[in-house]
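Student: Have a look at this fold, sequence not included:
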């Protein structure tokens, strides 16, 4: 805190719910997160918010911290990291689930179990060196483009059209794609 006295940690999407569902998690990250909010100035618990508000929060943030540390594999894509890529928000993620494989080239990856003091030190260092944190911007742009809704929709459409057998199913696929 002393290194970045004006920094604000914004916590979105229900930290209380996270703590409740991870109450018996051996790392007790959910409870630690709530302790940070309750006991530290500069931590702001926003709870659940709309999609537009979450994007606005990402755009106005210096960094996304995503310390996922579930005891079971829970991340299979992680939309919030895609949103961080689309907004070019530097990110620091854990290696839980698919995070490292899917998004590791676009941000800083830290190993589990989550060690809050280590994350704090590294995040503080990165926030003071904006150039280092922004170095991933080019990779983020490519990933955001790769997963663009229109591009993915076209790939699904092409795949479905390629699966037709010439018996009229292509018309159904085209009608379905147009209505989606």
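Tutor: That came through, no problem. Keep in mind that this is a model prediction, so the values were computed, not measured.
Student: Who is residue 93 paired with across the strands?
Tutor: On the basis of DSSP bridges, residue 93 is bridged to residue 66, residue 109.
Student: ok, it touching residue 109?
Tutor: Yes. With contact defined as Cβ atoms under 8 Å, residue 93 and residue 109 form a contacting pair (5.8 Å). Just so you know, the C-beta spots here come from the backbone N, C-alpha and C atoms, and that holds for glycine as well.
Student: Mind checking which of these two has more residues around it?
Tutor: residue 93 (25 against 17; other Cβ atoms under 10 Å).
Student: Got the confidence number for the more buried one?
Tutor: You'll see residue 93 listed with a pLDDT of 91.
Student: Might you report the residue contacts of it?
Tutor: Counting by Cβ atoms under 8 Å, 6 or more residues apart in numbering, residue 93 touches 64, 66-68, 78, 81, 99-100, 103-104, 107-110.
Student: hmm, 7 Å instead?
Tutor: Neighbouring residues of residue 93 by Cβ atoms under 7 Å, 6 or more residues apart in numbering: 66, 81, 99, 103, 107, 109.
Student: just residue 76 next, same as before
Tutor: Listed by Cβ under 7 Å, 6+ apart, the contact partners of residue 76 are 97, 98.
Student: So for it, what's the pLDDT?
Tutor: pLDDT, residue 76: 74.
Student: before we move on, the earlier item: with respect to pLDDT, which of the contacts of residue 93 ranks lowest?
Tutor: Within the contacts of residue 93, pLDDT is lowest for residue 66, at 86.
Student: Surely residue 44 and residue 57 touch.
Tutor: No. Applying Cβ atoms under 7 Å as the test, residue 44 and residue 57 come out as separate, 10.1 Å apart.
Student: Quick check: neighbours shared by these two?
Tutor: Taking Cβ under 7 Å, 6+ apart as the contact rule, residue 44 and residue 57 both touch residue 10.
Student: Which one's more surrounded, those two?
Tutor: Taking neighbours as other Cβ under 10 Å, residue 44 and residue 57 compare with residue 57 leading, 17 against 11.
Student: Give the bridge partners for the residue nearest to the more buried one when sequence neighbours are not counted, please.
Tutor: Spatially, and ignoring its direct neighbours in sequence, residue 57 is nearest to residue 10 (5.7 Å; Cβ to Cβ, 6 or more residues apart in numbering). Per DSSP bridges, the residues bridged to residue 10 are residue 44.
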